[in-house]
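> coords please:
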Amino acid sequence: MTDSATTPGHTDDVLDIPFPDAFAFDPSPTWARLREEAPVVRARTLTGAQVWLVTRYDDVKLVLADPRFSRAAVVAAGAPQAGVSKPLPNTLPTTDPPEHTRLRKLVSGAFSHRRVEATRPWVRELCEELADDVVDGADLRQVFALPLPIQVICTLLGVRYADRERFRGWVEPAYSLEVSERPRVEAAMAGLLEYMGGLVAEKRRAGRSDDVLDELCATALTHDELVAFALNLLVAGHETSANQITSFVATLLRDRWHWERLAAEPGLVPGAVEELMRFTRLSDVGQLRIALEDVEVAGVVVRAGEGVMASIGSANRDPRAFPEPDELDLARTPNQHLALGVGPHFCLGAQLARIELQEALGVLLQRFPGLRPARPVDELVWRRVLVSGLAELPIVLE
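Down below sits the predicted model:
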């Protein structure tokens, strides 16, 4: 490993994550050094827990897909935490098969490829409507990137879109990576749970309609399980896409010829979305698993009960899996990135996310080929949260 004086966040042979130079457009150089010199290394989360940090593509894929690494165990008493807020039990991200399989089947029909693909014309229409609010000097995140996936997931779930400011006020702080904000984080999570609990109770009183929450209310899930499940779908269903839309546009505008190329060749958009998912990072931390038994990873024995942080962002820049990984290649093929996960926890809403990202970029490129950032994108601030992205993207129309 490199000398501690040149490795950000390196103290007592344990790396502190996120690294001090995290939350920027370019990944910390520490990721590349770890991939080459110490692909499995001890790291300390912001809550003080020590885990193994895994950085190479094949090793990250192993940790994410191998049943010897558990997600259910991350909610056990004493388990290490990646963020300030504790993950909710009894929901898709915190269960293992066969329980995870049972839960996933409850909503797999609602998120099937055929059913989700049928929403594409509607998503495209929403993009066109929201593009009317993209004016000179606007913040693209606030007027376009956030409203789109919020409206989509609210409609699919059966959550009132009019409540968006209310639940967004809790989502913003609930996943903070600032330990000093713990009281605010806990209050925000409590607000989210209370809100969703009230909505679930209201749904059960009102009877069936045709949204996902009503379908879930008809299952054998307990009230607490249903609230956790629904809250996970609501947050995951808009937070990631909103961050990606903003980051994708900023990344394309950072080297403007990428934006101009896509505007001239719209047929490249689907492949460009895959490349942008690989190239940009949703997390400067990683996905946490707990080893259920001793497992050897890249020559290191991870003991049963130890936490393992799998860095998808680092894996997606691994030259062993991607030629010229630090180059944005809008026509890259093949492109087996891990941005949507792998194995049992592969993103339930993957196709919905792809539709939102493809249609959002397609409309913006068509309507605003002269779009520019109002200030250099490298000066823009990133949000210090578990699922990260730009805090804002002010734009100029030409």
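> nearest spatial neighbour of Asp329, skipping sequence neighbours?
Glu275 (6.0 Å; CB to CB, 6 or more residues apart in numbering). Where C-beta positions appear, they are placed from N, C-alpha and C, glycine not excepted.
> and Pro325, by the same measure?
Pro325 sits nearest to Arg317 (CB to CB, 6+ apart), 4.5 Å away.
> against Asp26, how distant is the one you found?
10 Å (CB to CB, to the nearest Å).
> and for the residue nearest to Asp329, the neighbour number?
23 (other CB atoms under 10 Å).
> helices or strands next to the one helix or strand it maps to in the packing?
Using DSSP states H and E, Glu275 sits in helix 269-279. Counting contacts by 3 or more CB pairs under 8 Å, 6 or more residues apart in numbering; DSSP states H and E, helix 269-279 packs against helix 223-254, helix 350-367.
> what packs against the shortest one?
Spelled out, that is helix 350-367. Helix 350-367 packs on helix 113-117, helix 120-131, helix 147-157, helix 223-254, helix 256-264, helix 269-279, going by 3+ CB pairs under 8 Å, 6+ apart.
> between that helix and helix 269-279, how many degrees?
Taking axes from the mean of the first three to the mean of the last three CA atoms, to 10 degrees, helix 350-367 and helix 269-279 form an angle of 110 degrees between their directions.
> residue numbering should commence at 851 henceforth.
Okay, residue one is now 851; in that scheme the one you just asked about reads as helix 1200-1217.
> list the buried residues of helix 1200-1217.
1200-1215 (16 or more other CB atoms under 10 Å).
> okay, it in PDB with CA atoms only?
Taking C-alpha atoms only, helix 1200-1217 is exported to PDB below (Å, rounded to 0.1, in the frame of the first residue of the first chain):
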ATOM      1  CA  ALA A1200     -33.700  -0.900 -13.200                       C
ATOM      2  CA  GLN A1201     -35.900  -0.700 -16.300                       C
ATOM      3  CA  LEU A1202     -37.800   2.200 -14.900                       C
ATOM      4  CA  ALA A1203     -34.600   4.000 -14.200                       C
ATOM      5  CA  ARG A1204     -33.300   3.400 -17.700                       C
ATOM      6  CA  ILE A1205     -36.500   4.800 -19.200                       C
ATOM      7  CA  GLU A1206     -36.400   7.900 -17.000                       C
ATOM      8  CA  LEU A1207     -32.700   8.500 -17.800                       C
ATOM      9  CA  GLN A1208     -33.100   7.800 -21.500                       C
ATOM     10  CA  GLU A1209     -36.200  10.000 -22.000                       C
ATOM     11  CA  ALA A1210     -34.900  12.800 -19.800                       C
ATOM     12  CA  LEU A1211     -31.600  13.000 -21.800                       C
ATOM     13  CA  GLY A1212     -33.400  12.700 -25.100                       C
ATOM     14  CA  VAL A1213     -35.800  15.600 -24.400                       C
ATOM     15  CA  LEU A1214     -33.100  17.900 -22.900                       C
ATOM     16  CA  LEU A1215     -30.800  17.200 -25.900                       C
ATOM     17  CA  GLN A1216     -33.500  17.900 -28.400                       C
ATOM     18  CA  ARG A1217     -35.000  20.900 -26.700                       C
END
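> distance from it to the middle of the chain?
Taking CA atoms, centre = their mean, to the nearest Å, the mean C-alpha location of helix 1200-1217 is offset from the chain mean by 17 Å.
> parallel or antiparallel, which strands does the next helix or strand after it pair with?
Going down the chain from helix 1200-1217, the next helix or strand is strand 1222-1223, by DSSP H and E. Strand 1222-1223 has these partner strands in its sheet, going by DSSP bridges: strand 1245-1246 (antiparallel).
> tell me who's in contact with the spatially closest residue to Gly1008 that is not a sequence neighbour.
Distance criterion CB to CB, 6+ apart; nearest residue to Gly1008, sequence neighbours excluded, is Asp1061 at 3.1 Å. By CB atoms under 8 Å, 6 or more residues apart in numbering, Asp1061 lies in contact with Thr1005, Leu1006, Leu1007, Gly1008.
> the first one: neighbour count?
It refers to Thr1005. Thr1005, neighbours per other CB under 10 Å, totals 15.
> hmm, Arg1014 and it touching each other?
No. Counting by CB atoms under 8 Å, Arg1014 is not a contact partner of Thr1005; they are 11.7 Å apart.
> next one: stretch 952-960 to chain centre, how far?
20 Å.
> and if you look at stretch 1139-1153?
Using CA atoms, centre = their mean, the offset of stretch 1139-1153 from its chain centre is 25 Å.
> just the endpoints, please. Distance across it?
12 Å (CA to CA, to the nearest Å).
> any idea of the mean pLDDT for it?
For stretch 1139-1153, mean pLDDT rounds to 97.
> and the gap between the spatially closest residue to Phe1079 that is not a sequence neighbour and Gly1087?
With sequence-adjacent residues excluded and distances taken as CB to CB, 6+ apart, Phe1079 is closest to Thr941, at 4.9 Å. Noted for Thr941: a distance of 13 Å to Gly1087, by CB to CB.
> so for those two, which residue has more residues nearby?
Set Thr941 next to Gly1087 and count neighbours by other CB under 10 Å: Gly1087 wins out with 24 against 21.
> now do the strands in this protein.
860-861, 864-866, 890-894, 900-904, 919-920, 1137-1141, 1145-1147, 1150-1152, 1157-1160, 1222-1223, 1245-1246 (DSSP state E).
> who does the second one touch, helix- and strand-wise?
For strand 864-866, the helices and strands in contact under the criterion 3+ CB pairs under 8 Å, 6+ apart are strand 890-894.
> let's see that with 10 Å instead.
Strand 864-866 is packed against strand 890-894, strand 900-904, with contacts defined by 3 or more CB pairs under 10 Å, 6 or more residues apart in numbering; DSSP states H and E.
> turn those into JSON lines, columns for mean neighbour count.
Shown next, in JSON lines, are the helices and strands packed on strand 864-866 (neighbours: other CB atoms under 10 Å):
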{"stretch": "strand 890-894", "mean neighbour count": "20"}
{"stretch": "strand 900-904", "mean neighbour count": "24"}
